[in-house]
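Peer 1: Below is the sequence, then the predicted model.
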Amino acid sequence: MADTNAKLTVNGEEYELPIIEGTLGRPVIDVAALQESGFWSYDPGFKVTAPVESKITYIDGGKGELLHRGYPIDELANNAEYLEVAYALLNGDLPNAEQKADFFEKIREHTAVHDQLRKFFEGFRRDAHPMAIMVGVVGALSAFYHEDLDVSNEEHREITAIRLIAKMPTLAAMSYKYSQGEPFMYPRNDFNYAENFLYMMFATPADVDYEKNDVITRAMDKIFTLHADHEQNASTSTVRLAGSTGANPYACIAAGIAALWGPSHGGANEAVLEMLDEIGTVENVPEFMEKVKSREVKLMGFGHRVYKNFDPRAKVMKETCDEVLEALGINDPKLELAMALEKIALEDPFFIERNLYPNVDFYSGIILKAIGIPTSMFTVIFALARTSGWISHWLEMHSAPYKIGRPRQLYTGETRRDFVEVEDRK
Ligand code: CMC
């Protein structure tokens, strides 16, 4: 659908570069013609590069807008369950009643993990970070589902998506239980997705009267929804890049989990709490802010590559945070500290000039802490929720012809061509 062309002149040669319009957002310039020009495009950090066309998620960073399959994130978070959102990400639209019942049933059928997988946990030290365990055990799923899995088969791809979404809460809870030295809890299929996760996290076999808490369940489900997808971020791009080689999808998701772990990405929610611990009390905020401004440290939970106005997920997350803290009657000094930090940052020219606002991770850590989730599990929960987004992008890539992802480079190394004996080499 090229409306018009851009023109690029290099070394006196003119190249026509088609401009392609999407349904929303900036059009793109198709730079494929550079192939003949003798030049590559150069864009460290993919700041201006769209490597894919996608119908799943749209972000307008300037407006602070996030749409999944066209629906605004706040509408989804307030009116739909996470699994309905996952269905929409996978299939293009929210499910009707029949589709919902069918999808939920399929997820329930696949919540358990192969008993042999338990052995993998035992290979880890008890103090291993749960994200390290998740990279390992989700990657290990590829050994359980490999021989019979044909990524060119649509049914095989669909069951892979179901299995992954269904098993992530089980594996996430197992990684926590293992760190606590407590027995793994089997999933209870009379519970909904969020209830089941909380049950597997917090119940013990002795707990015959385990009681669900609706406020916590709803908050957990919202947290899942708010993390479900975020278009071509670092971890999703990793999943696509790994998937572009035709690799096993469970291994691709493990690669996504690894990419998510970093503090610039999903690891930020854990880093926010660590930062609050380091600051200690409200009186220490000004001193900490000086360190931020002198670039000694970053204010974790602030800033975003795409959002330069506000993060719409953070808005819903803040409301949920208030609800949870009120319902649970929690008056945590950490929260007071977080709010003082937020206030100062929002008024400070350093942050205003750089368009730095609280992102989703600033508030999610506070809610997760309030509902008793240990800090080391924060990013695991992000990974659990993001699995529906990752696998939707993997499915989208595999449902049409695709090319292996293979970027170019600007080589700035040595130019020696002849072998020169180095003194003392032997
Ligand atoms: N604290 C202090 N200064 C910051 C921060 C921050 N959190 N983020 C950006 N800046 C400054 C940065 O130093 C730079 O200043 P200057 O132009 O004077 O050198 C300017 O703002 C632009 O920053 P940038 O590094 O070019 O921005 P980016 O788009 O490459 O980075 C980011 C985006 C999210 C990696 C970064 O803002 C950051 O590290 N934030 C803290 C970590 C965090 O909260 N990450 C979670 C992101 S949301 C969850 C997710 O989707 O993964």
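Peer 2: Received, thanks.

Peer 1: which parts of stretch 66-74 are buried?
Peer 2: For stretch 66-74, a neighbour-count test (16 or more other Cβ atoms under 10 Å) marks 66-69, 71, 73-74 as buried. For every residue, glycine as well, the C-beta is placed using N, CA and C.

Peer 1: Using PDB, write down the CA coordinates of that stretch.
Peer 2: Written as PDB, here are the backbone C-alpha positions of stretch 66-74 (Å, rounded to 0.1, in the frame of the first residue of the first chain):
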ATOM      1  CA  LEU A  66      -1.800   1.600  24.500                       C
ATOM      2  CA  LEU A  67      -4.200  -0.600  22.400                       C
ATOM      3  CA  HIS A  68      -4.400  -4.400  22.200                       C
ATOM      4  CA  ARG A  69      -6.200  -5.500  19.100                       C
ATOM      5  CA  GLY A  70      -7.600  -2.000  19.000                       C
ATOM      6  CA  TYR A  71      -9.000  -1.900  22.600                       C
ATOM      7  CA  PRO A  72      -7.500   0.700  25.100                       C
ATOM      8  CA  ILE A  73      -5.600  -0.900  27.900                       C
ATOM      9  CA  ASP A  74      -7.600   0.700  30.700                       C
END
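
Peer 1: Tell me the pLDDT of M1.
Peer 2: Listed pLDDT for M1 reads 49.

Peer 1: on that earlier part again, next, give me the two most distant ones among the buried residues of stretch 66-74.
Peer 2: Among the buried residues of stretch 66-74, the pair separated by the greatest distance (Cβ to Cβ) is R69 and D74, at 14.7 Å.

Peer 1: need the contact list for the nearest residue to F39 once chain neighbours are set aside.
Peer 2: Setting aside the residues directly before and after it, F39 is nearest to V10 in space (Cβ to Cβ, 6 or more residues apart in numbering), at 5.9 Å. With contact set as Cβ atoms under 8 Å, 6 or more residues apart in numbering, V10 has these partners: 37-39.

Peer 1: wait, which of those residues is closest to the ligand?
Peer 2: Nearest to the ligand among the contacts of V10: F39, at 24.9 Å, using Cβ to the nearest ligand atom.

Peer 1: Quick check: phi and psi on the closest one?
Peer 2: Main-chain dihedrals, F39, degrees, to the nearest 10: phi -120, psi 160.

Peer 1: Use 39 as the first number for this chain going forward.
Peer 2: Taking 39 as the first residue, the last one we looked at is F77.

Peer 1: And the helix or strand where D315 lies, what does it pack against?
Peer 2: Assessed by DSSP states H and E, D315 sits inside helix 306-317. Secondary-structure packing of helix 306-317 (3 or more Cβ pairs under 8 Å, 6 or more residues apart in numbering; DSSP states H and E): helix 323-331, helix 371-385, helix 398-408, helix 416-436.

Peer 1: Now those in a markdown table, please, with extra columns for distance to M223, mean neighbour count and mean pLDDT.
Peer 2: Listed next are the helices and strands packed on helix 306-317 as a markdown table, based on distance: least, Cβ to Cβ, whole Å; neighbours: other Cβ atoms under 10 Å; pLDDT from 0 to 100:
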| stretch | distance to M223 | mean neighbour count | mean pLDDT |
| --- | --- | --- | --- |
| helix 323-331 | 40 | 15 | 93 |
| helix 371-385 | 28 | 17 | 86 |
| helix 398-408 | 19 | 26 | 87 |
| helix 416-436 | 16 | 26 | 97 |
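
Peer 1: Cheers, nothing more for now.
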